[in-house]
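> Build me a model:
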Amino acid sequence: MADLNQNHLRMGFAVLLLLGPAITVSTSAQPRPSLAPAQIVNQMVDAETAAREKRQHFLYKREERSVRTKGHLWDELVVETTEGRMRRLVAVDGKPLSSSEQAAEDKRITYLVNHPADFRREAQGRKDDQARMADLLRELPKLFLLQAAGSDGDCTRITFAPNPQFQEASFQDRVVHAMSGVLLIHTTDKRLCGIDAHLDHVVEFGFGLLGKVSDQSHFSIMRREVSPGEWKTTKIRVHVDGSILLMKSVSRDEDSSHFGFQLLPRDLTLPQAAALVRSTTF
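Below you'll find the model as predicted:
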């Protein structure tokens, strides 16, 4: 954890990214919850942990503009399986793929079906992130000062700010500890509704000689229940601006929306996922 590569930075922000800028929330003058903010957060962590153990799989549509898409707007179909997510690109900047582009997508999907180890390797990074996020979520009450701040619809608002008593032990800690924002937790289900977080100040490493992360960095996510007991992320906005060792950029931008969720069998195989993502119309 002593080196700050792009994945570590990503996970620094992932303190809450199971949970990722600009959730629009309204403040209502409602009574404060009877439980302490830390208790509410702990209940949310327990609820999310239990849900991960029995989560279902879905087919859904994804619109994304990011570094991955090189700034273009991609429309994709996504099919979830136990081994990972099978994607199919459908349109770029609102235009359907040409016949040659469709053939290239089919070739890529066929390759993944025939080389499941590569498919699993591609998905492993996300699984590792989820495992680390689960550990980080449990540390929230230690990392931050939490305060109840009314409600937004069915969700309790909890603001968070760096806890000055927390002892930073890594670059990741330093980035995380510079954050503040708002956490939204469903009042009855104790599920995460969303988060809006930003860096309070520039984070420097080695007095800026080794690198820094801009105070313009921020992220947010929004989540909702798409099936009884099943909550999914519906909106992600991320902007990370920084560099390491004067040269290597750790910038990351993503603005994506997920919608049209359809429940799938839990035992869906990779060939079945490929067939489904090919046959489903956007």
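
> only C-alpha atoms for contact and neighbour calcs from this point on.
Will do.

> Can you tell me the SS state at residue 117?
Three-state assignment for residue 117 (DSSP: H, G, I helix; E, B strand; the rest coil): helix.

> Run through the helices of this protein in chain order.
For the chain, helices defined by DSSP state H occupy the ranges 6-13, 37-53, 99-114, 116-137, 140-143, 171-176, 270-279.

> could those be laid out in JSON lines, adding mean neighbour count, distance to residue 62 and mean pLDDT?
Compiled in JSON lines, those are given as follows (neighbours: other Cα atoms under 10 Å; distance: least, Cα to Cα, whole Å; pLDDT from 0 to 100):
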{"stretch": "helix 6-13", "mean neighbour count": "20", "distance to residue 62": "21", "mean pLDDT": "40"}
{"stretch": "helix 37-53", "mean neighbour count": "17", "distance to residue 62": "21", "mean pLDDT": "91"}
{"stretch": "helix 99-114", "mean neighbour count": "15", "distance to residue 62": "16", "mean pLDDT": "96"}
{"stretch": "helix 116-137", "mean neighbour count": "16", "distance to residue 62": "17", "mean pLDDT": "74"}
{"stretch": "helix 140-143", "mean neighbour count": "19", "distance to residue 62": "29", "mean pLDDT": "83"}
{"stretch": "helix 171-176", "mean neighbour count": "20", "distance to residue 62": "28", "mean pLDDT": "68"}
{"stretch": "helix 270-279", "mean neighbour count": "18", "distance to residue 62": "12", "mean pLDDT": "96"}
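
> mind checking which of those helices is nearest residue 183?
Taking Cα to Cα, helix 37-53 is the member of these nearest to residue 183, at 8.9 Å.

> so can I have JSON lines of the helices of the chain showing distance to residue 259?
Formatted as JSON lines, the helices of the chain follow (distance: least, Cα to Cα, whole Å):
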{"stretch": "helix 6-13", "distance to residue 259": "24"}
{"stretch": "helix 37-53", "distance to residue 259": "20"}
{"stretch": "helix 99-114", "distance to residue 259": "22"}
{"stretch": "helix 116-137", "distance to residue 259": "20"}
{"stretch": "helix 140-143", "distance to residue 259": "29"}
{"stretch": "helix 171-176", "distance to residue 259": "29"}
{"stretch": "helix 270-279", "distance to residue 259": "15"}
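
> With respect to residue 89, which of those lies nearest?
When the helices of the chain are compared for distance to residue 89 using Cα to Cα, the nearest one is helix 99-114, at 6.9 Å.

> among the helices of the chain, which is nearest residue 252?
Sorting these by Cα to Cα, the top spot, which is the nearest, belongs to helix 6-13 at 8.7 Å.

> just to revisit the earlier point, of all the helices of the chain, which one comes closest to residue 67?
Here helix 6-13 is closest among the helices of the chain (Cα to Cα), at 12.8 Å.

> just how off-centre is the longest strand along the chain within its chain?
Across the chain, the strand with the greatest residue count (assigned by DSSP state E) is strand 252-264. Taking the mean C-alpha point of strand 252-264 and that of its whole chain, the gap between them comes to 10 Å (Cα atoms, centre = their mean, to the nearest Å).
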